[in-house]
Structures are given as C-alpha cells and as structure tokens.
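Chemist: fold the following for me, if possible:
(2 chains)
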There are 2 protein chains.
Amino acid sequence: MSTIQQPLSEKEKYALAVDPVRSMDEERAKANFNIRELTYLLDGGEKSTSLKERFMAELERDPLFKMDDFHDLTKSELRERTMEKFRSLLHYLQNESVDIFRKRMEVISMVDPGFWTRFGVHYGLFVGALQSNATAGQFGYWLERGALSLSKLIGCFAMTEIGHGSNVPGLETTATFDEAADQFIIHTPTLTATKWWIGGAAHSATHAAVFAQLIVKGKKYGTKCFVVPLRDPSTYNTLPGINIGDIGKKMGRDGIDNGYIQFTNVRIPRGYMLQKHTKVSRTGEVQEPKLQQLTYGALLQGRVAMVVDSGNVSKKALSIAIRYAAVRRQFANSKAGGIETKLLDYPIHQRRLMPLLAQTFAMLLTGSEMTEMYNNMMGRLESAKEGDKDLDEVIEMLKETHSTSAGLKAFCTWNCLSTIEQCRQSCGGHGYSAYTGLAGMYQDFAVQCTWEGDNTILTLQAGRYLISSYREAMKGKKLSPGVGYLNNLDSLIGKKCQVSSLDAILDPKVIIEGWQVVCANVVKNAALEFEACCKRGLDVDDAYEQCSQSRLYAAKLHSYGYLFNRFADAVKKIDGQLQKVLLDVCLLYGLYTIEENAGAFLQYEYFTPQQMEFVRAKVNVYCKAVRDQAIPLVDSFNLSDYVINSPLGCKDGNVYVKYFAQVQRQNPQGEHPYFDRLIKPLIHRDMDGGDIEDEQAGLESEDDEE
Amino acid sequence: MSTIQQPLSEKEKYALAVDPVRSMDEERAKANFNIRELTYLLDGGEKSTSLKERFMAELERDPLFKMDDFHDLTKSELRERTMEKFRSLLHYLQNESVDIFRKRMEVISMVDPGFWTRFGVHYGLFVGALQSNATAGQFGYWLERGALSLSKLIGCFAMTEIGHGSNVPGLETTATFDEAADQFIIHTPTLTATKWWIGGAAHSATHAAVFAQLIVKGKKYGTKCFVVPLRDPSTYNTLPGINIGDIGKKMGRDGIDNGYIQFTNVRIPRGYMLQKHTKVSRTGEVQEPKLQQLTYGALLQGRVAMVVDSGNVSKKALSIAIRYAAVRRQFANSKAGGIETKLLDYPIHQRRLMPLLAQTFAMLLTGSEMTEMYNNMMGRLESAKEGDKDLDEVIEMLKETHSTSAGLKAFCTWNCLSTIEQCRQSCGGHGYSAYTGLAGMYQDFAVQCTWEGDNTILTLQAGRYLISSYREAMKGKKLSPGVGYLNNLDSLIGKKCQVSSLDAILDPKVIIEGWQVVCANVVKNAALEFEACCKRGLDVDDAYEQCSQSRLYAAKLHSYGYLFNRFADAVKKIDGQLQKVLLDVCLLYGLYTIEENAGAFLQYEYFTPQQMEFVRAKVNVYCKAVRDQAIPLVDSFNLSDYVINSPLGCKDGNVYVKYFAQVQRQNPQGEHPYFDRLIKPLIHRDMDGGDIEDEQAGLESEDDEE
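Modeler: Numbers count the residues shown, from 1 in each chain, chains lettered A, B, ... in the order given. This next block holds a predicted model:
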C-alpha cells in the first residue's frame, strides 16, 4: 500500500538538507566506537549506568522535581519549591543505602544544584560537623534528637562571618565557659562577627553548628564547634538572644535560604560543645588533641566532590553547545548548493569546543580516581587507632591528598566555569536566554570557585606543598607518586625534547615528559625564590607570601600535568576502538595544554620554536579528528533531555521547535501589563498645547505694546 | 572645653587599627599626584567632568532612577520600572543638545544598562535605521509621525531571526512587491524565520524596522529595511497578521522586553521600504546602490561605543574590588601585633587586580581616541558627495576603522567581562551576593560579547584585514598608521631585543618594538598559511576559514599591541607627577601583556628566556608600585556611590555597616513564608506509627501459628 512518491521541490530539498533532526542523525551515524561502552567506563561500570538511568527517570516523573518552569520562578517561589523537594529525598534516604543515595544525589546535583546544596547543608555540613567533631555519645544524642530523620531538627553550618571567610582561626564569635552554670555563652561581639552566608539560616534551620572562639577562665583556645538551638521547632520563632535575617538575592542558587545570625549571650549546656578533639571538663579543664589534622576530613571530601562536579557540569554544558553546533547552520556555502554550513564544521568552532571536550574527559577520569583514593583513605583512617603505624601513614597520605585536592579543586572549578561561559558564548545570542540553560548554569556554578576554600588560596596551598616537597626531595626524601618527578630533578632540569621526527611528539610519553620538565623547572624556581626571600631575612610566612605568584604558577602547571597523566593512564588501560578514539581526545588535551602554556615550554626550552609550531598545527588536526566523533562522545555522557533541560541540547536535534515551544509556554500572552498606566500617557501626551514654553499665560507680547 | 582623653583599651586600639574607614583614609593620603587632574584627563576636560557630576547628581535625586532596591525586583517589576524611566529621559532629550544628551546617556549606561538599551532600541537602533536607510523625504515623514517625540510611535529593530544571527544576508523573512497594489508583503515563511531577540517587541513597540529579503518580480535583491506597523497605538493590540510574543527571562538586562515577531502576509505601502540606497519604483524597477559600504555607519558607532563602555564598566568593577581590598583584612600578622593584613597588601592580590586596573586605563584612553576618530570620519562622510575625492578617502578610512574597531570591540568586551568576573572573585564570598553589584554587572555585560557582531566573528574579520594588509604591503602599498608596521617587515622579522642592560626593557619604546616584531611575525604566518591554502586549491573563503585560528591569534596580538601603543602615546603627552604615575601604570600594562603572551615573544625570539624571567619579575614590582596609588587612581574614576551602587565600593570604606544595612533593608523579617505548609508537616510527622513496614495489618505472625 505504498503511496506514490512525489519528486521533491527545490524548497523541500533545501528544507530537508538543513533539517536539524536529520543533521543530528548524520552526526550520530559517524560513531566509530561503542558509545555504551564509553558510558560504562565514565560511570564506573554498567551497574552504575543503570542506576543513574533509574534516578534520572524517577526524578523526571516526580512532580516536585518539575524543571521546565524553573527559570521563571521568583526568589520566593524558588525557595518554597526547593523546600518542598525535601519530602521526596527523605523518602529515598530512608529506603536505600547511603552509597546508592549518594549516587542519586550526584544526579540531583546536575538537575538542581540549589536544592542539592540546601539539602547538603543539613546532611553534608551539619551532620558532617557532628561526625567530625562529636564524641560517639554526643553523636548518638543528636541522632536521637532527629539529626537524621529531621524530627524537630534541621541543622545549618555557621562558620563564616561577614568579616571573616577563609581565616577560620580569626573568627570573632565567642563561646565563653560559665563554670557556675556549666554552660557556654555564645556571643557576637561586633558587627563583623555576624555569622554570614549561613545556608538554611533564613528559613530552614532549628539548630546551628557554630564555630566560635573557646574561652575558658579567660584563656582563648581557638575555634571550636558548638551546637546552638536557633528556633522553637513548633513555631519557628527564633529563641531569645538569636537574631536571624535573610541575606537575600544571590548570583545563583536562590533556592537556598542563606541568612545571617547574631548571638547575644546565648547560653547552651556544656555538652553542646562537640568534644571529640578538645574537651572541657565540668571544672573548666581543657584537654587539647594531639592531631589537629584529623578534622580536615570533611573539607577534603568537599574538594573531591567538586572535582567530580566540575566534570559533570562540564558534561552538561558541552552536551548543549556541541549538540547545538551540530544542527545550527550559518553562512551559505556556494559549493554546497547554497546550503549553510554547520557550526561544527567551522575550524574555529572546533577550536572553541573540542579542547574543552577533551578537558572534560580529563577531569572526569581524574575525579573518579580521586574519589576512589578518598574512600580508601577514609576507610583506613576509620579503622586505625592512635599510635598505629598505619595511622601515621594515613596522616601522611592525608596531607598529600589535601594539597593535591586543593590545587585540583581550584583548577577544575575554574576550568568548568570557563567551559560553561565558552559554551554559552558559542551558542551566540541564544546563549543569553535563560531557557537555554547555560546562563543559569554559570550563575549557579560560580560559587564553587569561592566556597570550601577560595580558589586562589587553595592554589597557593598546593604551591606551598610543591615547594616543601622540592626541599624534601633535595634532602633525599623519596616523594609520593604525584610529585615523584621532583626526585628526578637532575635528569629533568635542562632536558630537551629529543625526537627523531616531529611526529614523534604525538606520543603521550613525550607529553608526560614535557610536563615533568616544565613542572620541575617552575617548582624549582619557586623554591629558589622562596629560599632567596628567607636569606633576605623574611620569616617563612612572609617568604611564602613574597613568592606567591610563582607558587600559583607552579601549582597551575602541576595541575595541568597531573590531569594529563591521569588521562593518559586511563587510556592505556582500555583497548580496541574505544582506546583509539580516546587516544585522539587525550592527545588533543595534551597538545592544547602545551599550546596554552607555550611560554613555559619555550622558556625552559623543552620544545624548540619549530616544534612548538608543529604542536600548534597539530591542535587543529586533532580538533578536527575529535569533531568527527563529537556527537557520539557527547552521547556517551548519557544525560537525559530532562537533566540537560535546554532545548538547544536535546538529543534529537529538534532545537528550534523545542526552543520556540518553551518560550511560548513560559510567557503566555495576555493583557498588556502597563499600557494604560505608562505607555498611553507617554505616547498620547499633548504634544502642542501643554508645553510651558509655548504658553504666554496672558502676557502681552512686545508687539502688542508697541 | 576639651574633654579629658581616656587612654584606649587594647580592644579599642585593635578596633581602631582595623577600622575600614580609617584604612581607606590611609590609602587616600598616599596620593602623590593630583587626582582631579587625572579625572579631567579621562573625562576629556574639566567641563566634561562637571557635566558628568551634574548628571550623576540629577539621576540620584530622580525617584524613577532609584537603584537601591534594584536587585530584588522581579522580571515584571523591572520591565515596568524600566518603561517608567522613559518619562525622565524624554524630558532631558527635549531640553538639551544631542551632544549633552549623549553624555548623559553614557552615565546612565553605567547606572542601569538595561534601561540604556531599551531606550537605545528606539533612539539608537530604530531611529538609526531610519537615518542610515531612509531618504530625506522618508526621514522627514517618520519624524512627523513621532519618531523623535514618541508621539504614537515607539520603534524596534527587527533584524535577527531565531535561525539567523550573524548571517544577515541569509535572513529568511521576505518582502515581496505587489505591483498591482503598490505594496510590499512582509512574510515569515518558516519557524526559523521568526524575528527573535527583538528588544522592545514584547511590550513597547508600535513599529519595527524589519530586515527582509526584497523580492520584485520573482527576483531576490538581498536584505533591505522596511518599516512595519505592529500595533494600534491607541490600544496596543497587535495589527492583523502580526504575531508577537515575549521571549522571557534572560541572563541579564531583564528590563528590556525582548520578543519575537512573526508576519503573515502583512501589507505595507511601497514607501515604507527605506530607499536611501536601493530604490523600487512604482513599476517595480529596482535601482541598486554603487557603494554598499555606506550602510555600515551605524554598526561602527555601536562598536566604538562598546570600547568606551568596556572601559567604563571596568572602572565601576575595579572601584568596587579595589576599594574593598583596601579595607578588607584577612589573616593576622604576628609582626603587626596580630592585626590582620589588608587584601591589597598581599602580592597575590596585587597580581589579581593591578594589571586589570592598568588594562582599564588602556581601554579608556583608546576609547576616547576612537570616539574622536569616528566623529571626524562621520562628519566628513556627511559632507562628501558621490564622486568627490574626499569620499574615496573616507571610504578607505571607513574600511580600516571598521576592521580595527571590530577587533577592539571583541577584545575590549572580552577583557571587560573577564575583569568583572575577576573583581567578583577577588571579593570572596561577598562577590556572590547580588547587592555587592558584580554578579549583576557580569550578567548585564555578558551580552556585549555577542551582540552587534559576535566577538569571534569580529576578531576573524580583523584578522582577515591584517592578512590582506600584509599582502598589500608586500605589493608595495603604504598602509595606514594602525597597521603601518607591516610596511617594515624586513627590519621586524627576526629582530631581537637589543638592550645594553635588562633594565632598558622598562621603556615603552622597547615594548612597542617588541609588539611590532611579534605582530609582524604572527600576521606573516597567518598570511603564509592563507597563501598555502590557496595554492592547495581552496577558494579564498575556504582558505580564510582554514587559517581562522591563525587569524584569531594575529588579531588578538594586534589588539594588545594597538592598545599599548595608544596608552604609551597618551602618556607621552602628559607631564609632571601625573606622567610619572601613569607611566608606571602603562609599563605594568606592557609587561603584563608580554607575560600573558610569553609564548609569542619567545617563539619569535624577540626576548630571550632570561629577559622573559626579568619581565615576569618586574610585573610583581610594578604591581606593587601601582598598588601604592591604587585608591587615588580609582578615585580619579570619579564615580559616585550612587553610580557604583555597591556597599563594597563605597568611597568612605565603611563597607560592613553599609552592606549589613542594605541586606536588612531588602529583606525585612516577617511571617515565615512556608512553615505551616511545608516545614511543620515535615519535621513533626509521625516517626513511629505511620510507616507501612511496621504494620502487621492484622496478619498473624509465624510464632502464633506454631
């Protein structure tokens, strides 16, 4: 029963040639590897992929997680909507294992980062503060009081103050022990001591984990953590002495009710000070811990999570930008019968997006490895006891991971923020619409460069660690693998790239060596600069400040090299077609990072100017190679249209129809909102008679008087 | 009658030492030049400064321009508020000269860029389209119909379509001549032809300047401009055949009512086609113009304005970040009696902000010069007649300025966007608050990288011009000053920096030469790459596409060099203390830009690695020198607290008091917005009895059965 096929008219032929859905199909057909296999690799196995797919489907059908009207909610609506979602999540939390639930949260963080944070304030920060700082008995007490079930208790985490962020030891809030009453008095002595940015304080929390200066018998013992009740759970009225305010509108994540808190001599029982580390007895004796480092576990977890998050958010941004570029056409090509060219076919567009795609793979593979390392380390830390040999080793490892993760957190969040913005700009004007998703993604993500350790400060910490590792290596200490190249300074300093042909540069081994040579040089320079400052008579801290630019530079280059290493390692472990495509992506990442840091590679003469020209030219070549597989690679990220939540990033490529429908749905036409009040009086005003200048107001003209 | 002076307690002494207002006073006292004199220089004279001060004061007292609640307005409130401001502005427009009014608008653009754009859509784009495209008679007609007085007429500019942005010749909307009726039929043939992003379409405009494909007797003549009535001015109902919708929420500038427009066979009189260039007679004869270029005047003006705007917005961002850094303290310094250190005293913070300050001066001085050049050129163009020798010269100049301004528009808007973000991050957590102003500034400014020519495309145009200039120079043509260095290729290619001592590098002449050498090399490389592509058989357009990365690179470096040149020139013309301080700023800009592009300077061996190390070290030194005068330099920008609209940027330095007051004013405490509906049922739910798992529902246990 076939119908007779009519020949297509010219118009129909043209429409078919530029049809976005067909354009997307063409791209998808190019896949020369098994996409599913790559998804499993990125997710950490088939089981994990199935789980993620289940979570995506469950979220999509949950009416509380409706996302398509998200960009038009006012701040108040968003706050309310965000609180509403607690209900669904509690349901899952009580019905599945922590591991499974954590994976669910990872998916949620991509869908609604504001909700993820607000929920995380209680379960991550508040409960985390209890875990890190409470004795077993205290932890049990707060669990009984509802810390997990949210029974009459929602917590917040009150660390930062309006006048103090990164400098935690400098916090001004005081916790003074009143021995007579066996209580602590929590107090905000100045305006700058006001607790600020406290997520959940404005509308959610009944209790706060408050960081304050412990003062016992007139002596200060530094910053400790105290649980302070804020509100009556039956009315949500604030308790006496508690002053809470909403800190209002932010750049993004407006679903979180950040607030400020001022305490005026608020009394809490002695037992509300969390005493796992420092203890205060009934008679005011203070027992301080031996191992201060152990409290950093929670910070570390946050940083690793942000490396993973940077990879995930980059996935989402690139899904939008690359899929759009595969169907968007611009400027007619006379050789293609006047059909406009796909953005993705422009060499310059490949240059804009393909290196970012390669970088995303580097971050994803590094993030997986760090998560594993973190879990391993925390497991050992839990089971180790004071005095154990294993404990010493774990603490050494903790120190190292602390520095590596500091640098990577900074590097990856900066990279991701910049990736989002570059993806947004690559979508042209449509990137400026809220509905295409990248603008909001930028606004939500931006805070990651500041919280859980300001990126600049973290990078400087990583740089300080590199300098001290260098100095230890000079004394003969064998360093851990991540900085192991500093044990080979003699062979690295002054080393040049020795290849028989230019093409031999296209080998991960050569690139790894190049990064080692460059990093060895910049770390050495930073260390020498530091030592020169010390010799000039500066103390250690001032000397480190003076060479901060060199520390920053060393840490940045070290992070580049570290990511490339992890990427190259991961590619080695794979085989077949998958290895082939990932090797292209890996080489693109390597070549691109060298080009970006050409100054360093030329400065230390690892590459000659001629070799560097070759690298530049090859970046173009690998951009083109990766572009060929760009849609299959993005497909391997396996994010559903619901998660991507952008008409430009829809899987089928039908971008204009979906974009138009979304805009229409959000902005139904109706009465003109202010025609009568504002426009009518403006454009229908009396143009001739009303102006004061034209009125003589009865005054005789000079002519009349004459 | 003096009171007895009590000695200060330790606490009082500390409070005084860290007092932000006192900290600011200290900084201001360091001024070693006449601040007022610098303000005059930047503003273009004392008279211009007085005018700006008057405008700032007049805006501040105008209730319609109230700005302190701005960040808490919803999109609808913002739209309405923005429309309301038209009233004040019309008042000024009718009472002062165009020049004065333009200066007023420049101040307004810094206060409320959304309003500036919405107002500019009519007076800049719509009226501009009439000026560029209407005959004298047609222009008179539309003036009589209210184009200047807004009498029953508000215009919008309908160029872009959902499927077409940069490719104006590819627009799909059609304007078909119906000879019988002496009318044009304006029509939207497809979804992708929908006019999109049209500022003012959603709620403001009665008429549109529509760009559509002219079709006469079946023949296409390319994109022309037509005036199309959209709404009945007495009711604001859309006219038959007009479908208008709101395109809703954007990344920023939500005060503008961008919309979409679809035309269904809308008829307009033949005279509504603007026929300054192409003419269509009563009988359908089409007369095409000889000089297509002349229509670009309006685009050019927009680009120059954006260079100026980039300088102005950077001023505002840096006023906030640098003033905050002068009073914000972080980490106690034991050598200063435990007093925390000002951010501005950290070498790394100087590194973050001082180069951006230097770059801002470079943009401001370049912007002034380009404005002058533009006015000069347009004056000549107006007075020249077809066939005049002067016209040919002006057209050549237009071509050159068109390219230079394309590159600078892109370069400066990218720089400014990045400056805002770096300023925001340098304020730590407070940079994420809407009230501190930088977040919104980013969101508003971001669109400048896309509109009036996508930055990447503009940069490529500039690169194309450099290649063709190079090729003309090779043929012996004497080039205009901006690219004049390409006439000296023989002496520049291969030239090394020859200085008797490293310190001799610290001379603008050396830096200018360095940029010329580097630019000559990269332009040459791009041209050779282009020629190689042509030899391989590619046509000109394809060859240009293939070498687009080299074009981009060449244009970027050329823009760096151009800005440094303009800066160095301006410094030469000044004397005394002012020259001394600006020379430091200028050298910092030069050294920093070399460091940023170290790869190029080493690649072409203008500097040796050793010289480059010296440059890196000197950037630190000049950062410190400029930091010393940072507050006086920022003061010279002369923006009032009202214009800056950020508590962190207030002139007196009283940041915490003002920030706290602002947050409190915006978010008055009241009833909890959703305690009863959402929180109470959650935290007071039945924890024990209600769960289904615990209920046996009457089923006998196995024990009972045994």
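Chemist: which residues touch residue A:537?
Modeler: For residue A:537, no contacting residues are found, by C-beta atoms under 8 Å, 6 or more residues apart in numbering or on different chains. Quick note: C-beta positions are derived from backbone N, CA and C, even for glycine.
Chemist: before we move on, what SS does it have?
Modeler: coil (DSSP: H, G, I helix; E, B strand; the rest coil).
Chemist: and it, what pLDDT?
Modeler: Residue A:537 is assigned a predicted lDDT (pLDDT) of 96.
Chemist: gap between it and chain B?
Modeler: From residue A:537 across to chain B, the span is 12 Å (C-beta to the nearest C-beta, to the nearest Å).
Chemist: same question for residue A:137.
Modeler: The gap separating residue A:137 from chain B is 22 Å, by C-beta to the nearest C-beta.
Chemist: what of residue A:607?
Modeler: 10 Å.
Chemist: wait, that residue sits on residue A:513?
Modeler: No. Shown here, residue A:607 and residue A:513 do not form a contact pair, counting by C-beta atoms under 8 Å, at 11.2 Å.
Chemist: neighbour count for the two, which is higher?
Modeler: residue A:607 (25 against 17; other C-beta atoms under 10 Å in any protein chain shown).
Chemist: tell me the pLDDT of the spatially closest residue to that one that is not a sequence neighbour.
Modeler: Excluding its sequence neighbours, the residue lying closest to residue A:607 (C-beta to C-beta, 6 or more residues apart in numbering or on different chains) is residue A:601, at 4.7 Å. Reported pLDDT at residue A:601 in the predicted model: 98.
Chemist: with residue A:384 instead?
Modeler: Reported pLDDT for residue A:384: 77.
Chemist: now the phi/psi pair for it, please.
Modeler: Here the main-chain torsion angles of residue A:384 (degrees, to the nearest 10) amount to phi -80, psi 150.
Chemist: any common contacting residues for residue A:607 and residue A:513?
Modeler: By C-beta under 8 Å, 6+ apart, the residues touching both residue A:607 and residue A:513 are residue A:497.
Chemist: what residues does the stretch 451-600 of chain A put near chain B?
Modeler: Residues of the stretch 451-600 of chain A lying near chain B by C-beta under 8 Å from any C-beta of the partner chain: A:451, A:454-456, A:460, A:539, A:542, A:545-546, A:548-549, A:552, A:595, A:597-600.
Chemist: which of those residues count as buried?
Modeler: A:451, A:454-456, A:460, A:545-546, A:548-549, A:552, A:595, A:597-600 (16 or more other C-beta atoms under 10 Å in any protein chain shown).
Chemist: biggest separation within those, which pair?
Modeler: A:451 and A:598 (32.9 Å; C-beta to C-beta).
Chemist: three-state assignment of the residue nearest to residue A:607?
Modeler: Assignment for residue A:601 (three-state DSSP): helix.
Chemist: so how far is residue B:616 from it?
Modeler: Applying C-beta to C-beta, to the nearest Å, the value for residue A:601 to residue B:616 is 15 Å.
Chemist: next one: residue A:503
Modeler: 33 Å.
Chemist: have a look at those two and say which one is more surrounded.
Modeler: Shown here are residue A:503 and residue B:616; by other C-beta under 10 Å, residue B:616 has more neighbours (20 against 10).
Chemist: look at the more buried one and give its secondary structure.
Modeler: helix.
Chemist: roughly how far does it sit from residue B:646?
Modeler: Distance, residue B:616 to residue B:646, by C-beta to C-beta: 33 Å.
Chemist: what does residue A:463 give?
Modeler: 31 Å.
Chemist: please apply the same query to residue A:504.
Modeler: 55 Å.
Chemist: neighbours of residue A:375, just the number please.
Modeler: Residue A:375 has 13 nearby residues by other C-beta under 10 Å.
Chemist: looking at this, it is in a strand?
Modeler: No. Using three-state DSSP, the assignment for residue A:375 is helix, not a strand.
Chemist: same question for stretch A:282-296, mean pLDDT?
Modeler: Stretch A:282-296 comes out at a mean pLDDT of 77.
Chemist: so which residues of the stretch 501-650 of chain A form helices?
Modeler: A:508-535, A:540-546, A:548-572, A:576-596, A:598-603, A:609-628, A:630-635, A:641-644 (DSSP state H, counting those that start in this stretch).
Chemist: which other helices and strands contact the fourth one?
Modeler: Okay, so that is helix A:576-596. helix A:35-43, helix A:347-383, helix A:508-535, helix A:548-572, helix A:609-628 (3 or more C-beta pairs under 8 Å, 6 or more residues apart in numbering or on different chains; DSSP states H and E).
Chemist: list the buried residues of the fourth one.
Modeler: Neighbour counts over helix A:548-572 (16+ other C-beta under 10 Å) mark A:548-568, A:570-571 as buried.
Chemist: cool, the second one as well?
Modeler: Judged by neighbour count using 16+ other C-beta under 10 Å, the buried positions of helix A:347-383 are A:347-368, A:370-371, A:373-374, A:377, A:380-381.
Chemist: next: the third one.
Modeler: Of the residues in helix A:508-535, those buried under the neighbour-count criterion (16+ other C-beta under 10 Å) are A:508, A:510-527, A:529-530, A:533-534.
Chemist: which strands or helices does it pack on?
Modeler: Taking 3+ C-beta pairs under 8 Å, 6+ apart as the contact cut, helix A:508-535 packs with helix A:455-474, helix A:489-492, helix A:540-546, helix A:548-572, helix A:576-596, helix A:598-603.
Chemist: what angle do that helix and helix A:576-596 make?
Modeler: 40 degrees (axes from the mean of the first three to the mean of the last three C-alpha atoms, to 10 degrees).
Chemist: what ranges of chain A fall below the confidence cut-off?
Modeler: Counting by pLDDT under 70, chain A has low-confidence residues at A:1-4, A:291-298, A:386, A:688-696, A:698, A:701-706.
Chemist: could you chop it up by domain?
Modeler: A:67-289, A:297-635 (automatic domain parsing).
Chemist: need those domains in JSON lines (columns: distance to residue B:64).
Modeler: Shown next, in JSON lines, are these (distance: least, C-beta to C-beta, whole Å):
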{"stretch": "domain A:67-289", "distance to residue B:64": "22"}
{"stretch": "domain A:297-635", "distance to residue B:64": "26"}
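Chemist: which residues touch residue A:84?
Modeler: By C-beta under 8 Å, 6+ apart, the neighbours of residue A:84 are A:64, B:678.
Chemist: and the one 10 residues further on, by the same measure?
Modeler: Contact criterion C-beta under 8 Å, 6+ apart gives residue A:149 as the residues in contact with residue A:94.
Chemist: can you check residue A:397 too?
Modeler: Residue A:397 touches A:377, A:480, counting by C-beta under 8 Å, 6+ apart.
Chemist: again, only this time at 6 Å
Modeler: With contact taken as C-beta atoms under 6 Å, 6 or more residues apart in numbering or on different chains, residue A:397 is in contact with residue A:377.
Chemist: which residues touch stretch A:61-77?
Modeler: A:59, A:84-85, A:88, A:254, A:434-435, A:645, A:666, B:74, B:249.
Chemist: drop anything exposed from those residues.
Modeler: Buried, going by 16+ other C-beta under 10 Å: A:59, A:84-85, A:88, A:254, A:434-435, A:645, A:666, B:249, out of those.
Chemist: appreciated, that's everything.
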